[in-house]
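Trainee: Sequence and computational prediction follow.
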Amino acid sequence: QITLKESGPTLVKPTQTLTLTCSFSGFSLSSSGVGVAWIRQPPGEALEWLAIIYWDEDKRYSPSLKNRLSITKDTSKNQVVLTMTNMDPVDTATYYCGHRGDSSGYIDYWGQGALVTVSS
Amino acid sequence: QSVLTQPPSVSGAPGQRVTISCTGNSFNIGGGYDVHWYQQLPGTAPKLVIYGNTHRPSGVPDRFSGSNSGSSASLAITGLQAEDEADYYCLSYDSSLSGSGVFGTGTKVTVL
């Protein structure tokens, strides 16, 4: 059974760096074709793709946020970490991580989401 | 603003059929990238209802179906039920965005 769970601060101040951890079980991020993605959703708004890291260390970022994002994985700990620099109130959102297990690219398993509020 | 455009809202009476479009371009749907569809109920994570353009995951009712043509894709819900009232999003990938994933703008389905 595949499960994912996001963890990190619920409140960050403007200009600070956000670090979120996705802890997962039921799959290995060293298996061919597997990826873990980060997606966010501001309150009342649409889903936004942030980044994905694949089993082979390939990383893809949303071009609009590329300069602020970093995604890494720790295969031994079954974790993926997303950092986002220079946080702003517009970055207030629920942040989800998800499992991509097929070359078709769909995210089939999602974490419950973590609400991050950016405020001074 | 997303490169995948969906209508903000669609509605239908119970039992009716509704369709949601997802319009892209030659860098995403038109470029051969698959389209996937998600249902999101308030306060919950998105749930996959269609993957690989036309495939239904196990447990998803067969009243949900997907199709695509050219640079557009569609999700159809036939025999609309009250429990189908939710937000729906399409997902694809885009070569002009360095192979990043991209979600549609989202559609609110209302059951009248």
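Mentor: On my side now, so go ahead.

Trainee: Least confident secondary structure element in chain B?
Mentor: The element with the least model confidence among the helices and strands of chain B, by mean pLDDT, DSSP states H and E, is strand B:100-103, at a mean of 94.

Trainee: mind listing what that strand pairs with, with the direction of each?
Mentor: Strands that pair with strand B:100-103, judged by DSSP bridges, come out as strand B:86-94 (antiparallel).

Trainee: what does chain A have sitting close to chain B?
Mentor: When proximity is defined as C-beta under 8 Å from any C-beta of the partner chain, chain A approaches chain B at A:37, A:39, A:46-49, A:51-52, A:60-63, A:66, A:96, A:102, A:104-108, A:110-113. In short, each C-beta sits where N, CA and C put it, glycine included.

Trainee: try 7 Å this time
Mentor: In this structure, chain A approaches chain B at residues A:37, A:46-49, A:52, A:60-63, A:96, A:104-106, A:108, A:110-113, judged by C-beta under 7 Å from any C-beta of the partner chain.

Trainee: Give me the buried entries from the residues you listed.
Mentor: Among the residues of chain A next to chain B, those buried by neighbour count (16 or more other C-beta atoms under 10 Å in any protein chain shown) are A:37, A:46-49, A:52, A:60-62, A:96, A:104-106, A:108, A:110-111, A:113.

Trainee: Narrow those residues to those in strands?
Mentor: If you go by DSSP state E, those have A:Ala37, A:Glu48, A:Trp49, A:Ile52, A:Arg60, A:Tyr61, A:Tyr96, A:Asp108, A:Trp110 in strands.

Trainee: Report the two of the residues you listed separated the most.
Mentor: Considering C-beta to C-beta, no two members of those lie farther apart than A:Tyr61 and A:Asp108, which are separated by 21.4 Å.

Trainee: Next, count neighbours for A:Gln16.
Mentor: A total of 16 residues lie near A:Gln16 under the criterion other C-beta atoms under 10 Å in any protein chain shown.

Trainee: Correction: the previous question concerned A:His99.
Mentor: Neighbour count of A:His99, defined by other C-beta under 10 Å: 23.
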